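[1] Sequence first, predicted coordinates after that:
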Amino acid sequence: MSKLWASIAVVLFLTGCASGYGQPDKIIVDTLGVDPYQYQVDLADCEEYAGQVDVADRTTEGAVEGGVVGAVLGAVLGDHNTAQRSAGAGAVLGGVKSNKSARHEQDRIVKRCLKGRGYKVLN
């Protein structure tokens, strides 16, 4: 069981860097007729909205859910050691998947926000 907790600890440590709005995908806007200063102000506002998505919390939830599913599958398909390894792998995979999903949601929020403010987002 200590390997499970070690795996969860690694995921939680990595999520410490996952809070807030991180480096987004490169957002490309049509700059024809766009005031660069106003764009930076609007982009900062939109990123602030995206920062409301709690990446760390979602990553932790995904790690816990993945660990539980992995442990159950490991116990059904094998022995105690298999359950521990499966729980650790499930925790890591669940955390990574949830983190990626939350970051993707943040990027969508920024792009939708910019579109709502009249920018032509090209990607």
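    Nice, thanks for sending it over.
[2] Have a look at this structure and report its longest helix.
    Assignment by DSSP state H gives helix 80-116 as the longest helix of the chain.
[3] Flag every buried residue along that one.
    Under the neighbour-count criterion of 16 or more other C-beta atoms under 10 Å, helix 80-116 has 82-99, 102-103, 106-107, 109-111, 113-114 buried. Placement of C-beta: from N, CA and C, glycine included.
[4] Over to stretch 64-77?
    So for stretch 64-77, counting by 16+ other C-beta under 10 Å, buried means 64-67, 69-71, 73-74.
[5] re the thing from before, what's the longest helix of the chain packed up against?
    helix 2-15, helix 36-50, helix 55-77 (3 or more C-beta pairs under 8 Å, 6 or more residues apart in numbering; DSSP states H and E).
[6] any chance of these in TSV, plus distance to residue 122?
    Below are the helices and strands packed on helix 80-116 laid out as TSV (distance: least, C-beta to C-beta, whole Å):
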stretch	distance to residue 122
helix 2-15	31
helix 36-50	14
helix 55-77	25
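[7] want to throw those into a markdown table with mean pLDDT and distance to residue 27?
    Formatted as a markdown table, these follow (pLDDT from 0 to 100; distance: least, C-beta to C-beta, whole Å):
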| stretch | mean pLDDT | distance to residue 27 |
| --- | --- | --- |
| helix 2-15 | 57 | 24 |
| helix 36-50 | 96 | 8 |
| helix 55-77 | 90 | 18 |
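[8] Identify whichever of those helices lies nearest to residue 123.
    Of all the helices and strands packed on helix 80-116, helix 36-50 sits nearest to residue 123, with 14.1 Å by C-beta to C-beta.
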